[in-house]
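A.B. asks: below are the sequence and a predicted model for it; my questions follow.
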Amino acid sequence: MYKKGEYTIVSNTPLTPAVFRMVLEGDTQYITRSGQFINIELEGKYLRRPISVCDYDEHTITIIYKVVGRGTEQMKMLQVGERLDILTGLGNGFSTDNNARRPLLVGGGVGVPPMYNLCKRLIAEGKHPMVILGFNTESEIFYYEEFKALGVDVFVSTADGSVGTKGFVTDVIKEKGLDFDYIYSCGPLPMLKALYDATDVAAEFSFEERMGCGFGACMGCSCKTKYGNKRICKDGPVLKREEIIW
Amino acid sequence: MVKHYDTSVELCGVKLDNPIIPASGTFGFGREFADFYDLDCLGAISFKGTTRDARFGNPTPRIAECEAGMINSVGLQNPGIDKVISEELPHLRSIFHKPIVANISGFSLEEYEECCAKIDKEEQVEIIEVNVSCPNVHNGGMSFGTQPESAAEVTRRVKSVTTKPVFIKLSPNVTDIVSIARACEDAGADGICLINTLLGMRIDTMRRRPVIANKMGGFSGDAIFPVAVRMVYQVANACHIPVMGCGGVSSADNVIEMMMAGATAVQVGAANLKNPYAAKDIIEALPREMQRLGIERLTDIIGIVK
C-alpha cells in the first residue's frame, strides 16, 4: 500500500562530495519492507524523483542520494524545515520470509542504501547477514561504519584498490571464500549481472529504470521477466533470480 | 443557503456527474488509483489503449522529463482485448460504477473492427474511443489519424460493428485538424476526442544520444495545454458532434477554459502521473471555480467562446 503525504526535512548533509543523506519526518506506516522507495516532488520539476529508502522508523525516513542531475542538484540545496510532497510505500521490496541463515548483502554505489535497513531487519530476524560494499574509489565510500556498527562482517571492494579488495564485489566473494545461502543485491546493472553469473544460490536483485509515475500506472518502466511483463516501480524493483531475463 | 453548482454533462446520451475523465494511458485500468481514492467521484474512466494482441510495447527507457511535461514512448503496452474483457473490465467494474470509455487501438482496419466488435458486446462499456493517434507505434495508430480518408475509413469500419457512441481520438501532429475531424464526423463518428500527445524528443547531452530508446515519443503535460485548447476550439466550431478535450489539463480552471473552447467533457492525463489525486482534486475544485466565475451549470459554458 502506498500513500501521498507531506514530510519535513530534518537533515540533509553530505556523506561524500557527491552523495547526500536526507532525513525526513512524517508518516512512515506505508513503508513495510526493506528495498521499497519513495517518490519526491520537487518544485519546478514535472516528474517526481524516485529514491530508495535507506532506513526508517516510526517517524522518520532516511534516504541517501547521489547528485547526478538537475533534480538531485536541487535536492542537495533543500534546507532543514522545508516540506516535501512525497509518495511512500512504493515497490515490492526484498522478501525475508525464507530459510536463509547466512544471507549475503551486496550494494554497489548508490545501491548500498537499501541494504542498510535490510541488514537490520535480517539481524532482528535472528539471521547472520554479511555485507559487501562496492565503490570505485576511497573517496566515494559511505556507510562502512554504519554497517560495522550493526555487528556484521563488512567487506569493501574498490575498482582502483584504494580500500579493501581491488576489483569488484565478485572478487571479494572469491578472495574471502565467503559462505552464504542467499543473496540480496542492489547496484549498477553490470554488477548485478556479474553477481548473478558468479553465484548460484537463491537471490533477489533490485533494478532501476526511468519511471513516469512510480506507482504502476504509466507503464513507463516495464521489463520482461520469465513470469511475464513487470513494472519495475510496482511489481519490482526487486526481482528474484529465477525470473530475470538479462 | 449553499448554492448548487451543476457539474453534470451528457455525451451522446451518456450522463456524467462531472466532465472529468482520466485519459487513456495515464490511468491503467483504475487499479493503482483505487488505492488512493474512491474512483466513483470521476465522471468516467477511459482505460488503457487496447489492441487485439497483447503487447509489451517499446524498449526502455521510454520516459523523458521535460519542462512542464514529459515524453513517453510506451508503445501501447496492454494485455490484449480478450484479457481486457475477461479480467480487467470485470475488475474495473467492481471498483468503478460510472461510465467506462473503452480506448481501442490497432494496426489495421480489421484489427480496429475486430476489437470494437468484441467491446460492443460488453454492456459495462458506454463509449468507445478509437485511438488513431498513438505516435509511438509504426504502421499503426497515428498513421490512420493523419489523413482525413484513413481516419474516415477507420470510423466507418468501427461504426459498422457497434451501436455504442464512437469517439475518434485525434493526433495534433497534423497540418489541418479540422479536415480530419470533419471527415470522421461525415463517416459517422459520434464525437471527437483531442488531442493525443505531440511528437517530441529529448537528447542526453552528456551521453550524446536520445533519452528515449525509441528516440521520439509523445509529449504531454501542462506545456501542451494551449495547443489542446486551440484544436478543441477549431474542431468544436467546425463540427456538430461533441468534443472531449484532452491535453495538459491540470486544474479546474483549465477544465472550464477547455469547455469554453467547446469541450463537453475534459480528460486529465499526465497530471495523474505527477499527482495521483489530480483528477479528484480537480473535481473537488470545480464548484469553487464555478462560483468564482459566476457559472451555475457547466453545460452553459460549452463552446461559449466564439
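C.D. replies: Cool, got the structure.
A.B. asks: helix/strand/coil for the residue lying farthest from the centre of chain A?
C.D. replies: No residue in chain A sits farther from the centre than residue A:44, which is 26.1 Å out by Cα atoms, centre = their mean. Three-state call for residue A:44 (DSSP: H, G, I helix; E, B strand; the rest coil): coil.
A.B. asks: kindly state the pLDDT recorded for the nearest residue to residue B:237 once chain neighbours are set aside?
C.D. replies: Closest residue to residue B:237 apart from its sequence neighbours, by Cβ to Cβ, 6 or more residues apart in numbering or on different chains: residue B:262 at 6.5 Å. C-beta coordinates here come from the backbone N, C-alpha and C atoms, glycine included. Residue B:262 is assigned a predicted lDDT (pLDDT) of 98.
A.B. asks: okay, helices next: where are they in the chain?
C.D. replies: This is for chain A. A:70-76, A:113-124, A:144-148, A:169-176, A:189-198 (DSSP state H).
A.B. asks: the chain in question should be chain B.
C.D. replies: Remark: helices assigned in chain B by DSSP H are B:31-34, B:81-83, B:89-95, B:109-120, B:148-159, B:177-186, B:225-238, B:252-261, B:271-274, B:278-293.
A.B. asks: pull up the distance across stretch B:71-87, start to finish.
C.D. replies: 29 Å (Cα to Cα, to the nearest Å).
A.B. asks: now stretch A:87-107
C.D. replies: So stretch A:87-107: terminal residues 24 Å apart, Cα to Cα.
A.B. asks: tally of neighbours for residue 71?
C.D. replies: Since you didn't name a chain, this refers to chain A. By other Cβ atoms under 10 Å in any protein chain shown, the residues close to residue A:71 number 19.
A.B. asks: chain B was what I was after
C.D. replies: 28.
A.B. asks: spell out which parts of chain B neighbour chain A.
C.D. replies: B:25-28, B:31-33, B:35-36, B:48, B:56-57, B:60-70, B:72, B:74, B:77, B:211, B:221-222, B:270, B:272-277 (Cβ under 8 Å from any Cβ of the partner chain).
A.B. asks: what sits closest to residue B:234 if chain neighbours are left out?
C.D. replies: Closest to residue B:234 by Cβ to Cβ, 6+ apart is residue B:178, at 5.4 Å.
A.B. asks: tell me what angle the longest strand along chain B forms with helix B:177-186.
C.D. replies: Scanning chain B for the longest strand, with DSSP state E as the assignment, gives strand B:125-131. With axes from the mean of the first three to the mean of the last three Cα atoms, to 10 degrees as the basis, strand B:125-131 and helix B:177-186 are set at 140 degrees to each other.
A.B. asks: with just CA atoms, put strand B:125-131 into PDB.
C.D. replies: The C-alpha coordinates for strand B:125-131 follow below in PDB (Å, rounded to 0.1, in the frame of the first residue of the first chain):
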ATOM      1  CA  VAL B 125     -18.700  -0.100 -21.800                       C
ATOM      2  CA  GLU B 126     -20.700   3.000 -22.600                       C
ATOM      3  CA  ILE B 127     -18.400   4.800 -25.100                       C
ATOM      4  CA  ILE B 128     -15.800   3.500 -27.500                       C
ATOM      5  CA  GLU B 129     -12.800   5.800 -28.000                       C
ATOM      6  CA  VAL B 130     -10.900   4.900 -31.100                       C
ATOM      7  CA  ASN B 131      -7.200   5.800 -30.900                       C
END
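A.B. asks: sheet partners, orientation included, of that strand?
C.D. replies: If you go by DSSP bridges, strand B:125-131 pairs up with strand B:100-104 (parallel), strand B:166-169 (parallel).
A.B. asks: give me the pLDDT for the closest residue to chain A within the stretch 201-306 of chain B.
C.D. replies: For the stretch 201-306 of chain B, the residue closest to chain A is residue B:273, as judged by Cβ to the nearest Cβ, at 3.9 Å. For residue B:273, the model assigns a pLDDT of 97.
A.B. asks: if we ignore the residues flanking it in sequence, what's nearest it?
C.D. replies: Nearest residue to residue B:273 in three dimensions, chain neighbours excluded: residue A:213, at 3.9 Å (Cβ to Cβ, 6+ apart).
A.B. asks: and for residue A:84?
C.D. replies: Nearest non-adjacent residue to residue A:84 (Cβ to Cβ, 6+ apart): residue A:7, at 5.2 Å.
A.B. asks: what's the local residue count around that neighbour?
C.D. replies: Residue A:7: 22 surrounding residues under other Cβ under 10 Å.
A.B. asks: picking that back up, now the helices of chain B in a markdown table, with mean neighbour count?
C.D. replies: Listed next are those as a markdown table, based on neighbours: other Cβ atoms under 10 Å in any protein chain shown:
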| stretch | mean neighbour count |
| --- | --- |
| helix B:31-34 | 20 |
| helix B:81-83 | 17 |
| helix B:89-95 | 15 |
| helix B:109-120 | 20 |
| helix B:148-159 | 20 |
| helix B:177-186 | 21 |
| helix B:225-238 | 21 |
| helix B:252-261 | 23 |
| helix B:271-274 | 25 |
| helix B:278-293 | 18 |
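A.B. asks: need those in TSV with distance to residue A:83, can you?
C.D. replies: Formatted as TSV, those follow (distance: least, Cβ to Cβ, whole Å):
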stretch	distance to residue A:83
helix B:31-34	24
helix B:81-83	42
helix B:89-95	32
helix B:109-120	45
helix B:148-159	48
helix B:177-186	42
helix B:225-238	27
helix B:252-261	24
helix B:271-274	17
helix B:278-293	18
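A.B. asks: residues from chain A in reach of chain B?
C.D. replies: By Cβ under 8 Å from any Cβ, the residues of chain A that approach chain B are A:1-4, A:41, A:45-48, A:87, A:209-213, A:215-224, A:229, A:234.
A.B. asks: now do the contacts for residue A:156.
C.D. replies: A:132-135, A:141, A:144, A:163-165, A:172 (Cβ atoms under 8 Å, 6 or more residues apart in numbering or on different chains).
A.B. asks: ok, the residues you listed vs chain B, which is closest?
C.D. replies: residue A:135 (21.3 Å).
A.B. asks: hang on, that closest one packs against residue A:155?
C.D. replies: No: the criterion here is Cβ atoms under 8 Å, and residue A:135 misses it with residue A:155 at 11.7 Å.
A.B. asks: so residue A:94 touches residue A:32, yeah?
C.D. replies: No: counting by Cβ under 8 Å, residue A:94 does not reach residue A:32; the two are 11.3 Å apart.
A.B. asks: so if I had to pick from the two, which one is more boxed in?
C.D. replies: Neighbours were counted for residue A:94 and for residue A:32 using other Cβ under 10 Å; residue A:94 has more, 25 against 11.
A.B. asks: so who does the residue lying closest to that one once chain neighbours are set aside touch?
C.D. replies: In this structure, residue A:94 finds its nearest non-sequential neighbour in residue A:35, 4.1 Å apart by Cβ to Cβ, 6+ apart. Applying Cβ under 8 Å, 6+ apart, we find residue A:35 in contact with A:52-53, A:91-94, A:114, A:117-118, A:184, A:186, A:206, A:237-238.
A.B. asks: residue A:169 too?
C.D. replies: Counting by Cβ under 8 Å, 6+ apart, residue A:169 makes contact with A:106, A:108, A:132, A:134, A:157, A:187, A:191, A:194-195.
A.B. asks: how near is the nearest residue to residue B:40 once chain neighbours are set aside to residue A:47?
C.D. replies: Distance criterion Cβ to Cβ, 6+ apart; nearest residue to residue B:40, sequence neighbours excluded, is residue B:97 at 5.6 Å. In this view, residue B:97 and residue A:47 are 32 Å apart by Cβ to Cβ, to the nearest Å.
A.B. asks: related to what we said a few turns ago, how about the residue nearest to residue B:237, phi and psi?
C.D. replies: phi 130, psi 0 (degrees, to the nearest 10).
A.B. asks: ok, now residue A:200?
C.D. replies: Here residue A:200 shows phi and psi, under degrees, to the nearest 10, equal to phi -140, psi 10.
A.B. asks: ok so, going back, which ones are touching the residue nearest to residue B:273?
C.D. replies: Here residue A:213 is in contact with A:39, A:220, A:233, B:32, B:272-274, B:276 (Cβ under 8 Å, 6+ apart).
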